[in-house]
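>>> I'd like to go over a predicted model; first the sequence, then the structure.
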Amino acid sequence: MSVDDISAMLDAEFAKLQNLVTKATDSDMGVPEIVETYYQVMNVSSMCEMLSHQLSGDEHKPLMAKISETRDFISSNFDAKIHPKILDSLTTSIQETTKILQSSSNEKSQEDIEKESTMFEDLRKKMSTKEFVEQYQKGLS
């Protein structure tokens, strides 16, 4: 694979990441969007890490500059802004759903039982996603 191919691949993955970060900045994200965004961040970060260890010399300076810009983008836009927002949002949502489920009455119709079942499944997904997000946080430390 040539340096131009590697550069084009990094550009494509970085463009996907920028799009996801823009969406995350503009709106609240559901669990699938959160997971997709974190995987893309980790994918691009891993590419940068791998490439930075393999490239050296003057012929790779433009690609090394692109890697540095990409890392800076992740650090200043995702790690500093989006990641804390996602973690706070998940924490708040989990607390609210837990409070609702704990306050439900003993007398339940079939509809109430189905609604609670859906809420429990949603809560499980959010808690699992929060664990995933917290693991990312540990990697930042």
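The structure has been received and is ready for your questions.

>>> contacts and neighbour counts: CA atoms only from here.
Will do.

>>> Name the helix or strand for the most centrally placed residue in the chain, please.
The centroid of the chain falls nearest to Tyr38 when counting by C-alpha atoms, centre = their mean (2.5 Å). Assessed by DSSP states H and E, Tyr38 sits inside helix 31-54.

>>> just checking, next helix/strand downstream of that helix?
Counting by DSSP H and E, what follows helix 31-54 is helix 61-73.

>>> Show me which parts of the next helix or strand after that next one are buried, residue by residue.
Counting by DSSP H and E, the next helix or strand C-terminal to helix 61-73 is helix 83-102. Neighbour counts over helix 83-102 (16 or more other C-alpha atoms under 10 Å) mark 83, 85-87, 90, 93-94, 97 as buried.

>>> can you check stretch 11-20 too?
Buried-residue list, stretch 11-20, by 16+ other C-alpha under 10 Å: 11, 13-14, 16-18, 20.

>>> that older thread, Ile113 versus the residue nearest to the centre of the chain, what's the distance?
According to C-alpha to C-alpha, to the nearest Å, Tyr38 stands 33 Å off from Ile113.

>>> Then Thr37?
33 Å.

>>> Between these two, tell me which one has more neighbours.
Under the criterion of other C-alpha atoms under 10 Å, the comparison of Thr37 against Ile113 puts Thr37 first, with 23 against 12.
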